[in-house]
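Novice: need a structure here:
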Amino acid sequence: MSQTLLEMAKDLVLVQIQAHKLLPDDMHQALQQTYTTLMTLKAQEDADGIVPVTTPETLPAPVNWRKSITKHTVMCLECGANFKQLSVRHLRGHGLDGKLYRIKYGIPRTQPLSAKATTAIRKEIVQRSRPWEKAPTFVKAHKEQKREQAPEAQRKRTGRAKA
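Specialist: Residues are numbered from 1 along each chain as shown. Predicted coordinates:
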């Protein structure tokens with residue numbers, strides 16, 4: 001029993017979704033493009049390749065970067081690969097760095113290029129370790145604040161007020 005072109009297109013798109021090469025939100029557009037391509041191939045096959053059939057050029061849809069960052073993965077908008085984070089090394093393979101990648105796809109500079117779960121774990125670790133308290137400027141300011149408070153505490157203990 002032979003499949004219809006629509007069934008073939010549907011099966012191809014479903015396999016791409018299952019292989020995590022296509023986001024479910026992009027399924028409709030991919031299904032239309034696959035079906036159009038299959039129709040073109042069928043027309044060429046029926047004409048024994050004598051009549052070239054051209055496919056209508058479709059402009060690429062604007063990329064929605066928000067859909068590329070999910071709870072457990074972030075998809076590279078250049079190649080479509082999924083990662084926990086887009087590393088400098090991977091982006092360098094595309095001739096980009098984090099700043100250029102964000103500019104190219106309109107991603108805000110404060111948006112992490114990592115999965116939401118990965119970002120949450122890192123945020124929790126930073127909150128626990130409190131690295132800002134180990135910074136030289138913080139330590140210096142904290143020591144100066146203690147020095148200023150020390151004479152006040154001494155005056156309060158002796159009961160003398162400054163006149």
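
Novice: Skip the chain neighbours and tell me the closest residue to Ala30.
Specialist: Counting by Cβ to Cβ, 6 or more residues apart in numbering, Ala30 lies nearest to Val13, which is 5.0 Å off, once chain neighbours are set aside. The C-beta positions use only the backbone N, C-alpha and C, and glycine is treated the same way.

Novice: Give the buried residues for the one helix or strand the one you found maps to.
Specialist: Element membership for Val13, per DSSP states H and E: helix 5-18. The neighbour-count check on helix 5-18 (16 or more other Cβ atoms under 10 Å) flags 9-10, 12-13, 16 as buried.

Novice: and whichever helix or strand comes after it with helix 5-18, angle?
Specialist: Next helix or strand after helix 5-18 toward the C-terminus (DSSP H and E): helix 27-46. Orientation check (axes from the mean of the first three to the mean of the last three Cα atoms, to 10 degrees): helix 27-46 against helix 5-18 gives 130 degrees.

Novice: Can you name every helix or strand that helix 27-46 contacts?
Specialist: With contacts taken as 3 or more Cβ pairs under 8 Å, 6 or more residues apart in numbering; DSSP states H and E, helix 27-46 sits against helix 5-18.

Novice: Can I get the helix it packs on in PDB? Just the C-alpha atoms.
Specialist: C-alpha atoms of helix 5-18 as PDB (Å, rounded to 0.1, in the frame of the first residue of the first chain):
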ATOM      1  CA  LEU A   5       2.500  12.700  -0.400                       C
ATOM      2  CA  LEU A   6       0.900  14.300   2.600                       C
ATOM      3  CA  GLU A   7       1.400  11.100   4.700                       C
ATOM      4  CA  MET A   8       5.100  11.000   3.600                       C
ATOM      5  CA  ALA A   9       5.600  14.700   4.400                       C
ATOM      6  CA  LYS A  10       3.900  14.200   7.800                       C
ATOM      7  CA  ASP A  11       6.200  11.200   8.600                       C
ATOM      8  CA  LEU A  12       9.300  13.100   7.600                       C
ATOM      9  CA  VAL A  13       8.400  16.000   9.800                       C
ATOM     10  CA  LEU A  14       7.500  13.800  12.800                       C
ATOM     11  CA  VAL A  15      10.900  12.000  12.500                       C
ATOM     12  CA  GLN A  16      12.600  15.400  12.600                       C
ATOM     13  CA  ILE A  17      10.700  16.400  15.700                       C
ATOM     14  CA  GLN A  18      11.500  13.100  17.400                       C
END
